[in-house]
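*Asks:* Okay, here's the prediction I keep looking at, along with the sequence it came from:
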Amino acid sequence: MTHFTVLSLFPEMFTALTEHGISSRAIKQQQLSLTVVNPRSFTEDRHRTVDDRPYGGGPGMLMLLEPLCKALQAAQSQVLARSAAPAKVVYLSPQGTVFNQAKAQQLASLDEVILIAGRYEGIDQRFIDHWVDEEISLGDYVVSGGELPAMMVIDAAARCIPGVLGHAQSAAEDSFFAGLLDHPQYTRPEVFRWDEQDYPVPEVLLGGNHQAIRRWRLQQAIGQTWLKRPDLLANKTLTDEESALLAAFKQALHTSE
Ligand code: SAM
């Protein structure tokens, strides 16, 4: 069970996780827990101010230190009431290390994670320097707040928690789990007729020969990774079987050209 606590000015956004799909089921089954703490609840002025202008000038506003520090302190004391050690503190930031499946698995192995969702032009650097353990980015682009990135991180990590996916939907089948993209998938009908054309499912998947299906799926996973994400193969040592399947995949592609 991993407890995620998110510091966010928009707690209601997280109903996307708590009320829908696999993450919602995981929360109900107590495989995952999600608490949102709003830094605005820790303000004392009439306007409940959480932001201010940056020193030195420039556009936009920054999240203030004090509400963030008070919210983090409250979150960590909840953590310490149930765990022996404080939570790892992660700031979602375009300046962080780019998130991937390995990081999702690593976070899923922790008991407690606190995610900081920034807003405006970001947060006061002193908070990052003194209270953040790690910065994680969702990619080389900027979105308006850390809530969507935090939800992506929680959803990806939840899929790695043992028992969250049923046996039939094992995370081991997902893209990136074994350093490869997922193989293509098909569902009914066997032949889809549209606009006087037939679109059949690959023959091998219909025959019930489990060994042939396994080899075809592995070959497709390696082949599609080679076509779409060759960078992933550069970091992977292929087995003899995988090398032979990739060579046959390339040959078949060459012949069909
Ligand atoms: N001025 C900041 C910069 O250029 O680094 C961007 C601030 S952004 C508009 C507001 C918040 O969205 C950030 O504090 C961060 O929490 C979140 N955010 C934006 N892009 C992100 C990304 N690629 N990955 C993770 N979080 C992101």
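*Replies:* That came in fine, so what should we check first?

*Asks:* so who does the closest residue to His3 other than its chain neighbours touch?
*Replies:* Once flanking residues are discounted, His3 sits nearest to Ser33: 4.5 Å by Cβ to Cβ, 6 or more residues apart in numbering. Quick note: C-beta positions are derived from backbone N, CA and C, even for glycine. Neighbouring residues of Ser33 by Cβ atoms under 8 Å, 6 or more residues apart in numbering: 1-4, 27.

*Asks:* out of these, who's nearest the ligand?
*Replies:* Each of the contacts of Ser33 was checked against the ligand using Cβ to the nearest ligand atom; the closest is Phe4, at 15.4 Å.

*Asks:* Who is that closest one paired with across the strands?
*Replies:* On the basis of DSSP bridges, Phe4 is bridged to Leu34, Val113.

*Asks:* Pretty sure it sits against Gln31.
*Replies:* No: the pair Phe4 / Gln31 is not scored as a contact, 11.9 Å apart, by Cβ atoms under 8 Å.

*Asks:* circling back: so how far is the ligand from the residue nearest to His3?
*Replies:* 22 Å (Cβ to the nearest ligand atom, to the nearest Å).

*Asks:* contacts for stretch 122-136?
*Replies:* By Cβ under 8 Å, 6+ apart, stretch 122-136 touches 62-65, 68-69, 72, 88-93, 95-99, 103, 116, 149, 153.

*Asks:* chain center to that stretch: distance?
*Replies:* 20 Å (Cα atoms, centre = their mean, to the nearest Å).

*Asks:* Find the residue ranges of the stretch 101-250 of the chain scoring beneath the pLDDT cut-off.
*Replies:* Applying pLDDT under 70 to the stretch 101-250 of the chain flags the ranges 167-169.

*Asks:* who in it is up against the ligand?
*Replies:* 117-119, 121-123, 137-139, 141-146, 149 (Cβ under 6 Å from any ligand atom).

*Asks:* Looking at these, which are in helices?
*Replies:* Among these, the ones falling in helices (DSSP state H) are Pro149.

*Asks:* how about Gly21, what does it touch?
*Replies:* Per Cβ under 8 Å, 6+ apart, neighbours of Gly21: none.

*Asks:* For Glu135, which three-state class applies?
*Replies:* strand (DSSP: H, G, I helix; E, B strand; the rest coil).

*Asks:* Quickly list what it is bridged to.
*Replies:* Tyr91.

*Asks:* Use 10 as the first number from now on
*Replies:* Done: numbering now begins at 10, and the last item shifts to Glu144.

*Asks:* okay, which residue of the chain is out on the far edge from center?
*Replies:* For the chain, the C-alpha lying farthest from the average C-alpha position belongs to Glu205; by Cα atoms, centre = their mean, that distance is 40.9 Å.

*Asks:* And that residue, its phi and psi?
*Replies:* Main-chain torsions, Glu205, degrees, to the nearest 10: phi 60, psi 20.

*Asks:* Ser33 against Leu26, yeah?
*Replies:* Yes: using Cβ under 8 Å, Ser33 makes contact with Leu26 at a distance of 6.9 Å.
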